[in-house]
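>>> any chance you could fold what I've pasted below:
(one chain, ligands or ions: 1)
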Amino acid sequence: MELFWHDACLEHDTGEGLWELPGRWEWLDAPEPHPENAARLRTFRHALTHGPVAPHLTWSTGRFATDEELARVHSDAYLAHVYKACHAGERVSLETNTVVGPGSWDAIRAAAGTALAAWEAVESGRTRLAYALVRPPGHHAQRSLADGYCMVNNAALVAETARRAGRRVAVLDWDVHHGNGTQDVFRDAEDVLTVSVHMRHGPWGVNHKQTGGPEESDGANLNIELSLGAGDTAYHRALTEVALPAIRAHGADFLVCASGFDGSAFDPNGRHNLTAAGYRGIGREVAALDLPTVLTQEGGYLRGYAALCLHALVEGLVGTGPLLDDPLAYVPDETRLVDRDLARAVTGRAARDRA
Ligand SMILES: [Zn+2]
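Modelled structure (predicted):
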């Protein structure tokens, strides 16, 4: 498995404030770093270069995306808007919790280009599994809207590039939040299947109108909303009973995974309860699909535990047994709502297809 990295991804400085909300809060003694920060990505890399899975991995340097490449999934006017905001000379908010500053444009181009470098490695046959360990994340970025810490949709860019190369593409997103940006980019593309497994959180704010519910599913989009509290069993069943059969039925010959770790039991931005073992299982299940695959890094904000979950996912992807213990897996697995959640996902999509 080949990992892709670019130092410029660290130059996107999101500052501090009240968690994800930037600025000075007079009543708050010690502000917190924005959750989507450079330290989390450095921690993820360190886990994979110093953890026991390290001998199974090779590392390559990514590249910057070109303007033409970014325009494959975003409008020119939107890209000009983001560019201008990044060059305003100070940190500015594109929407409530999505900020950019002086280093952000290079980071955005590096994240997108490094995801494309991962695609190029898979397309050339050099590797079958490539992981773009990048930030800022992308899966909330829509054609012409920034949202949820995301400016450019790295996963969608890989999917669109593969599609133009003649691949039949599926996107699988297990970030705890709905992959609304990817859904938006491929809303009218029946040949690209987008699948998102996420917690039921509904729309948020003017830049996030999508519900993430089964009412937005159709033949080429599948939303699998899991109730708050869902954990390892729910994700295992969502993948093996609904998501992966849909990807096989689509006839995909190339897979893009939007890989988030904010579904963990300890993530401040999610209300799901995955453990490292759950992520190891996701890795095994994706590997069992046996498709050429590019993964892009999305969320995951309690950086130590997210790094452990990334390590476990990679163990699953490369097929080792468990290599790291999980000292924090003590939250009980909630399974009572899984049958209902999966039935809603399947029947909602079928109803849309008949309409
Ligand atoms: Zn997320």
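
>>> what residues does the stretch 51-200 of the chain put near the ion?
175, 177 (Cβ under 5 Å from the ion). Quick note: C-beta positions are derived from backbone N, CA and C, even for glycine.

>>> now do the helices in the stretch 51-200 of the chain.
Ranges of helices in the stretch 51-200 of the chain, per DSSP state H, counting those that start in this stretch, are 67-70, 76-86, 104-123, 154-164, 180-185.

>>> just name the most buried of the ones you listed.
helix 180-185 (a mean of 28; mean count of other Cβ atoms under 10 Å).

>>> looking only at pLDDT, what's the mean for that helix?
Averaging pLDDT along helix 180-185 yields 98.

>>> adjust the sequence numbering to begin at 557 for everything that follows.
Okay, residue one is now 557; in that scheme the one you just asked about reads as helix 736-741.

>>> give the other helices and strands that that helix contacts.
Taking 3 or more Cβ pairs under 8 Å, 6 or more residues apart in numbering; DSSP states H and E as contact, the helices and strands that helix 736-741 lies on are helix 710-720, strand 749-755.

>>> could you dump these to TSV with mean pLDDT?
Output for these, formatted as TSV (pLDDT from 0 to 100):
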stretch	mean pLDDT
helix 710-720	99
strand 749-755	98
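
>>> can you put the ones you listed in a markdown table and add distance to residue 735?
As requested, the helices and strands packed on helix 736-741 are exported to a markdown table (distance: least, Cβ to Cβ, whole Å):
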| stretch | distance to residue 735 |
| --- | --- |
| helix 710-720 | 8 |
| strand 749-755 | 4 |
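
>>> looking at the ones you listed, which is closest to residue 623?
Proximity of those to residue 623 was assessed by Cβ to Cβ; the nearest stretch is helix 710-720, lying at 12.5 Å.

>>> residues near the closest residue to residue 809 other than its chain neighbours, how many?
Excluding its sequence neighbours, the residue lying closest to residue 809 (Cβ to Cβ, 6 or more residues apart in numbering) is residue 724, at 5.0 Å. By the criterion of other Cβ atoms under 10 Å, residue 724 has 14 neighbours.

>>> OK, contacts around residue 724?
Shown in contact with residue 724 (Cβ atoms under 8 Å, 6 or more residues apart in numbering): 747, 806, 807, 808, 809, 810.

>>> any chance of a ChimeraX selection covering the buried ones in the residues you listed?
Buried members of the contacts of residue 724, defined by 16 or more other Cβ atoms under 10 Å, are picked up in ChimeraX with:
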select :806,808,810
